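In: sequence and predicted structure below; questions after.
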Amino acid sequence: MISIADGSVRIQTSAEAQPATPSWLGEVALVASHLQKQGILNKICERVRFARRRFGHYDVLDFLAVLFGYAISGERTLEAFYEAVHPFASTFMALFGRASLPAASTLSRFLAALPAEPVEALRSLFLEDLLARRLSPEEHAAGLWDRQGNRWLVFDVDGTREAARQRALPQTPDRPAPQRRLRPLCAPGYTGRKRGEVVRTRTTVLQMHTHQWVASFGNPGNGQYREELRRATAAIQTYVKAHGFPAERTLLRLDGQYGTRAVVSDVGDFSYVTRGKDYSLLDRAAIQARLHLPADQQLSSAECGICRALYDCPDQHISESGPPIRIIVATHPAPARKKKRQVGLTRDGVVYELFLTHLPQSAFTASDVVSLYLHRGAFETALEDEDQEQEPDRWCSHSAWGQEAWQIVAQWTWNLRLELGHQLVPEPVRTTEFAPALPAQNEHAPTPAASTPASGYTPPATATSWKAGRFTGADFPLQPDGTLRCPASNVLVARERRRESDGSLRVVYSASIRDCRPCPLREQCQWNGSTTAKPRQVSILLHPLSVGSAALLWRDWHRRHQRHACLRLHRQHLEVQMEPTLKRTSASSAPTISRAQRAHSRLSWAERLARNARTDQAERITLTLFGIPNRLATFLGLATA
């Protein structure tokens, strides 16, 4: 028998317990130092105020420190977090300038009792901290550059749902009514692919170039999506105003639930792109008529193999008082095997999709608009990263405002990681060619007969008057069935399509000679009146759309590099040294109290905060963090070894 044991290796054990330092404590120290340097902890004490009985001697800052540590740790539950932090409770709270760690039950009571006012104050402070500092000196270089060379900022507004499972409870006359702990937090709603009986919806706003969270708003059930959209646009308005960026070049990519004529009016001065869900727009005469003309562009998707034909319909009024919008209809053959969840409306073997936007045709082609919307898939990966690192949708409180406070802290932690990550591994802005440049339009250059303009077409145009007192092409309106209707109510059908030398497409419509010969309007319609032997013909011209020829450029930072640089600090060694405190003498063991303390008078905000503040007589703690570059240490004002 051959033994693999090595005699030079000795394994020893000890009965003395010595807990391992949590791997995430070093990152907590960096975040706490950053919050202290930027004055965020003082602002929390001054502006986020809430007092209630049964909190002991703790203040709001103590509970928020626990939530920050919980978000940074990545522990699956609060129970696991408390188990890991308990041996180092004094060290953990000392990072935030506090003395004692609140118990888990005290934290639960605090979150359950939170009203709206301190949570909204915390939300305002979160947005204020986001706008206080630039993520990088190159932040002005991030954005979307259109085909005319203008810079845009893109924000994604979308909702995410968390489903909760509830066991069935007997409801009989001899039993009291069941009490659900998640009743004020969740409600019945759309669960999608998630298993559960009740859900909670959270609307989030993400700046897509810096990947920073801007806002989060939660509600039970399917949420109040219109109210949440108004609050999201208000937060974005504050963001662009602080950066001095024009609202008209701020693009909102909205989820399909916002694709109605009523919701579109809520975005204000912002530009937007969303998927329409009101398929009654397809029955409009102007859109039906455009669908019978050649498509503007073809858009192929390499991932799913779908080739969409795009029809651009500008200046469509979908409401009486609202501004005109641009509707893009995308069609493709229906799949032979029907999917369980199919997007769009199927008619006669063709799938129709609607896209609503306010983007100008001179800067974005139809394929650019649809590609920008389909690019929203990058937002789903950000939500996936958030679930893996922090999972803010997990239940932290059975109170709506307590859960809202936790989710604000989770998003704040994400942004702080990004900021510190840019100090750890600074990277330049990367540039992606989102769509290639278009060939420059030259009026004198002939266009091959089989080619189509890369920019699409302008709205259909007809010829002007060619003889005084005769009907022009404008007197033959385009019908929803793709035909023309003459002044005598006869039908003209398309007979020919030919490409002109300037790239225009001419569609020739012709009437029937049987309708023209007995027509009483023949003298006003045909060139030689009643002597004309041919039926009336009308041409519709589709001219190439005038669009900038520059490439569509997307400039941003990598979504994960900076955050993962902070997460890699969890693998670095951390030393914690605690110097023992000086023992108090018998003469100084009993402190002198004031008459107000003796009478248990109501405390001021400053006195409440001071009850759990760390004093000068507390033990001295020294943390040595390894793997911290001098650049980051200088940025945080930390001493280097």
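Out: Structure's in. What do you need? Quantities reported herein were computed from a predicted structural model and do not represent experimental measurements.

In: any idea how far the residue lying closest to Glu75 once chain neighbours are set aside lies from Glu303?
Out: For Glu75, the nearest residue in space outside its immediate sequence neighbours is Phe81; the separation is 4.1 Å by C-beta to C-beta, 6 or more residues apart in numbering. (Glycine included, C-beta is placed from N, CA and C.) Counting by C-beta to C-beta, to the nearest Å, the gap from Phe81 to Glu303 is 39 Å.

In: quick one, which of those two is more surrounded?
Out: In terms of neighbours (other C-beta atoms under 10 Å), Phe81 is the more surrounded of Phe81 and Glu303; the figures are 22 against 7.

In: look up phi and psi at the more buried one.
Out: Torsion angles at Phe81 (phi, psi; degrees, to the nearest 10) stand at phi -70, psi -50.

In: surely it and Gly69 touch.
Out: Yes. Between Phe81 and Gly69 there is a contact under C-beta atoms under 8 Å: 7.0 Å.

In: so what's the residue nearest to Glu75 up against?
Out: Phe81 makes contact with Gly69, Tyr70, Ser73, Glu75, according to C-beta atoms under 8 Å, 6 or more residues apart in numbering.

In: just among the residues you listed, which is most surrounded?
Out: Neighbours here mean other C-beta under 10 Å. Within these, the largest count is held by Gly69, at 28 neighbours.

In: just checking, that residue is part of a helix?
Out: Yes. With DSSP: H, G, I helix; E, B strand; the rest coil as the criterion, Gly69 is located in a helix.

In: ok, so what distance separates the spatially closest residue to it that is not a sequence neighbour from Asp59?
Out: Counting by C-beta to C-beta, 6+ apart, Gly69 lies nearest to Val28, which is 5.3 Å off, once chain neighbours are set aside. Val28 sits 19 Å away from Asp59 when distances are taken as C-beta to C-beta.

In: tell me the secondary structure at Glu128.
Out: helix.

In: got the domain ranges for this structure?
Out: Annotated domains of the chain cover 274-361, 461-542 [automatic domain parsing].

In: what's the span of the last one, first residue to last?
Out: Using C-alpha to C-alpha, to the nearest Å, the end-to-end distance of domain 461-542 comes out at 7 Å.

In: per-residue confidence averaged over it?
Out: If you average the pLDDT over domain 461-542, you get 85.

In: starting at the chain centroid, how far to that domain?
Out: For domain 461-542, the separation from the chain centroid amounts to 50 Å (computed by C-alpha atoms, centre = their mean, to the nearest Å).

In: pretty sure His561 contacts Pro426?
Out: No. In terms of C-beta under 8 Å, His561 does not count as a neighbour of Pro426; the distance is 10.2 Å.

In: before we move on, back to that, closest to Gln171 out of the domains of the chain?
Out: Comparing these against Gln171 with C-beta to C-beta, the closest turns out to be domain 274-361 (33.5 Å).

In: what average pLDDT does stretch 139-159 get?
Out: Here the mean pLDDT over stretch 139-159 is 93, rounded to a whole number.

In: quick one: buried residues of that stretch?
Out: 139, 142-147, 151-159 (16 or more other C-beta atoms under 10 Å).

In: what is the most widely separated pair among the residues you listed?
Out: Maximum pairwise distance among these (C-beta to C-beta): 31.3 Å, between Arg147 and Gly159.

In: is Pro118 in contact with Val60, as I believe?
Out: Yes. Applying C-beta under 8 Å, one finds Pro118 in contact with Val60, separated by 6.6 Å.

In: could you find the closest non-adjacent residue to Pro629?
Out: Leaving out its chain neighbours, the residue that sits closest to Pro629 by C-beta to C-beta, 6+ apart is Leu424, at 6.4 Å.

In: low-confidence regions, this protein specifically.
Out: When residues are selected by pLDDT under 70, those of the chain lie in 1-7, 339-341, 441-452, 463-467, 581-590, 600.

In: that older thread, where's the residue nearest to Pro629 relative to Gly627, distance?
Out: Computed with C-beta to C-beta, the distance linking Leu424 and Gly627 is 10 Å.

In: among the two, which residue is more densely surrounded?
Out: The residue with more neighbours, out of Leu424 and Gly627 and counting by other C-beta under 10 Å, is Leu424; that gives 21 against 13.

In: contacts only, for that one.
Out: With C-beta under 8 Å, 6+ apart, Leu424 has these contacts: Gln562, Ala565, Cys566, Pro629, Arg631, Leu632.

In: where helices are concerned, which of those residues count?
Out: When DSSP state H defines the helices, the subset of the contacts of Leu424 inside them is Gln562, Ala565, Cys566, Arg631, Leu632.

In: output these as JSON lines; include the columns neighbour count.
Out: As requested, the ones in helices among the contacts of Leu424 are arranged in JSON lines below (neighbours: other C-beta atoms under 10 Å):
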{"residue": "Gln562", "neighbour count": "24"}
{"residue": "Ala565", "neighbour count": "20"}
{"residue": "Cys566", "neighbour count": "25"}
{"residue": "Arg631", "neighbour count": "12"}
{"residue": "Leu632", "neighbour count": "22"}
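
In: out of those residues, who's nearest Ala289?
Out: The shortest distance between Ala289 and any of those, using C-beta to C-beta, involves Gln562 and amounts to 50.8 Å.

In: ignoring the adjacent residues along the chain, who's closest to the closest one?
Out: When the adjacent residues along the chain are set aside, Gln562 lies closest to Gly421, with 2.7 Å between them (C-beta to C-beta, 6+ apart).

In: quick revisit: more crowded one of Pro118 and Val60?
Out: Val60 (23 against 19).

In: can you tell me how far that one is from Ile72?
Out: When distance is defined by C-beta to C-beta, Val60 is 19 Å away from Ile72.
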